[in-house]
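J.: Any chance you could fold what I've pasted below:
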Amino acid sequence: MERLVSVDFEAYTPFKTEIRQWSDRKKKIKVPLLTSMVLVKLAGNPTDIVFEIPGVVRYLFDGGKRAEVSQREVLAMKAHLEVNRGFIEKKLFKGDTVVVPSINQEATVLSIQGKNCIAQLSKLAAKVSFQLN
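T.: Have a look, this model is predicted:
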């Protein structure tokens, strides 16, 4: 991401905090929410110029065309990661489709652990978690 920003691209990498267990301790670390992905704003830039940046391999595709993420979706993702709140009232099961609170995006439920739900966003294939009520 730093390489993209250094040549005047607007780029964003969402991170989440995870607790990792070592043999002698637990530690909170930041890991990318979207594994191996950086969101890049291409407005006014030729779309292929990003491939001149070392480490950039390809675009994410959705339905056979280059995936686009709106500014609204990026802002919603930022807000969700900063606040990480929102609740679902109904009973959910693995495989159900749900609209994730605070980012208003459709996702498929992967697992439910107590009051915590892990779901995969349909559009970005990213995993998110939220609280059940």
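J.: what comes up buried for stretch 52-63?
T.: 53, 59 (16 or more other Cβ atoms under 10 Å). Any C-beta I mention is one placed from the backbone N, CA and C, and that applies to glycine too.
J.: what's in contact with it?
T.: 3, 4, 7, 37, 47, 50, 66, 67, 123, 124 (Cβ atoms under 8 Å, 6 or more residues apart in numbering).
J.: can I get the CA coordinates of it in CSV?
T.: Listed next in CSV are the C-alpha coordinates belonging to stretch 52-63 (Å, rounded to 0.1, in the frame of the first residue of the first chain):
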residue,chain,number,x,y,z
GLU,A,52,3.9,-0.7,-12.7
ILE,A,53,4.0,-0.8,-8.9
PRO,A,54,6.1,-3.7,-7.6
GLY,A,55,3.9,-6.3,-5.8
VAL,A,56,0.7,-5.5,-7.7
VAL,A,57,-0.4,-8.7,-9.4
ARG,A,58,-4.0,-8.3,-10.6
TYR,A,59,-7.4,-6.8,-10.0
LEU,A,60,-10.2,-8.5,-8.1
PHE,A,61,-12.9,-9.7,-10.5
ASP,A,62,-16.6,-10.0,-9.9
GLY,A,63,-18.8,-11.7,-12.5
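J.: Now render the contacts of stretch 52-63 as JSON lines, adding neighbour count, secondary structure and pLDDT.
T.: What follows is the contacts of stretch 52-63, written out as JSON lines (neighbours: other Cβ atoms under 10 Å; DSSP: H, G, I helix; E, B strand; the rest coil; pLDDT from 0 to 100):
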{"residue": "3", "neighbour count": "15", "secondary structure": "helix", "pLDDT": "81"}
{"residue": "4", "neighbour count": "20", "secondary structure": "helix", "pLDDT": "79"}
{"residue": "7", "neighbour count": "12", "secondary structure": "coil", "pLDDT": "75"}
{"residue": "37", "neighbour count": "16", "secondary structure": "coil", "pLDDT": "80"}
{"residue": "47", "neighbour count": "10", "secondary structure": "helix", "pLDDT": "73"}
{"residue": "50", "neighbour count": "19", "secondary structure": "helix", "pLDDT": "81"}
{"residue": "66", "neighbour count": "11", "secondary structure": "strand", "pLDDT": "80"}
{"residue": "67", "neighbour count": "14", "secondary structure": "coil", "pLDDT": "80"}
{"residue": "123", "neighbour count": "15", "secondary structure": "coil", "pLDDT": "74"}
{"residue": "124", "neighbour count": "21", "secondary structure": "coil", "pLDDT": "75"}
